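Visitor: The following comprises the amino acid sequence and a computationally predicted model.
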Amino acid sequence: MPAVINYFPFDDQAVYEDQWRLMAQTWRTTGIIVQGSSLDATGGDCAVEPGTGLQIRIAPGKAWIRGHFFDHTDDYYYMPVSPNTSGTTRQDLVVIRADFTSNSISYQILEDTTTPVQTPTMWDLPLATVSVPDGADSISSSDITDLRVSSNQYGFVPGV
């Protein structure tokens with residue numbers, strides 16, 4: 001089954017009761033919503049892993065991005081990494097990007113930068129950096145540096 005990605009709320013789309021319930025159960029600020037006791041290094045929580053050849057795969061997970069909920073379920077999300085012919089190792093940044101102008105949230109690879117875009121109209125939640133060696137034909141685990149931050153860094157605090 002392919003990856004399924006949903007995001008809400010935005011002005012131009014309906015949000016249904018089951019979506020609202022899912023969102024409200026994990027209410028937080030910005031970051032990855034941890035499904036266990038800590039961030040899952042592989043297979044969950046939007047972990048970035050090597051794919052086949054010049055490809056990465058992103059595990060299913062959930063995130064908060066400045067008040068908007070991101071929900072990736074079912075299968076991995078696969079993304080191609082651009083070839084590098086620059087003569088030196090290139091650093092790419094993998095993010096979940098919330099575009100508040102187009103009312104959308106998606107995975108993106110920002111080529112040749114490690115700086116996320118964080119403006120009033122666009123907000124990148126960093127997931128990982130990917131080192132792409134010159135002339136590489138594949139990505140390995142050692143090329144990926146995890147940058148994910150949990151939305152519940154200080155644990156769950158009960159409300160009064």
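Guide: It's in.
Visitor: Could you look up the SS state of the spatially most central residue of the chain?
Guide: Residue closest to the mean C-alpha point of the chain, counted by C-alpha atoms, centre = their mean, is residue 96 at 3.8 Å. With DSSP: H, G, I helix; E, B strand; the rest coil as the basis, residue 96 sits in strand.
Visitor: That one bridge partners, please.
Guide: Per DSSP bridges, residues listed as beta-bridge partners of residue 96: residue 107, residue 125.
Visitor: Check what pLDDT it gets.
Guide: Residue 96 is assigned 97 on the pLDDT scale.
Visitor: quick one, what contacts residue 132?
Guide: 54, 81, 82, 83, 84, 89, 90, 91, 92, 139, 143 (C-beta atoms under 8 Å, 6 or more residues apart in numbering). Yep, even glycine has a C-beta here, placed from its N, CA and C like the rest.
Visitor: Need the phi and psi values for the last one.
Guide: Phi and psi for residue 143, reported as degrees, to the nearest 10, are phi -80, psi -10.
Visitor: Could you report the neighbour count for the closest residue in space to it that isn't next to it in sequence?
Guide: Once flanking residues are discounted, residue 143 sits nearest to residue 131: 4.6 Å by C-beta to C-beta, 6 or more residues apart in numbering. By the criterion of other C-beta atoms under 10 Å, residue 131 has 16 neighbours.
Visitor: before we move on, back to that, is there a quick ChimeraX command that grabs whichever of the contacts of residue 132 are buried?
Guide: Selecting only the buried entries of these in ChimeraX, with 16 or more other C-beta atoms under 10 Å as the criterion:
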select :54,81,84,90,91,92,139,143
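Visitor: closest to residue 121 among the contacts of residue 132?
Guide: Comparing the contacts of residue 132 against residue 121 with C-beta to C-beta places residue 92 closest, at 22.4 Å.
Visitor: Now do the helix or strand containing that closest one: distance to the chain's middle.
Guide: Using DSSP states H and E, residue 92 falls within strand 90-99. Mean-position distance between strand 90-99 and its chain equals 8 Å (C-alpha atoms, centre = their mean, to the nearest Å).
Visitor: which secondary structure elements does that strand contact?
Guide: Applying 3 or more C-beta pairs under 8 Å, 6 or more residues apart in numbering; DSSP states H and E, we find strand 90-99 packed against strand 61-65, strand 68-73, strand 104-110, strand 122-132.
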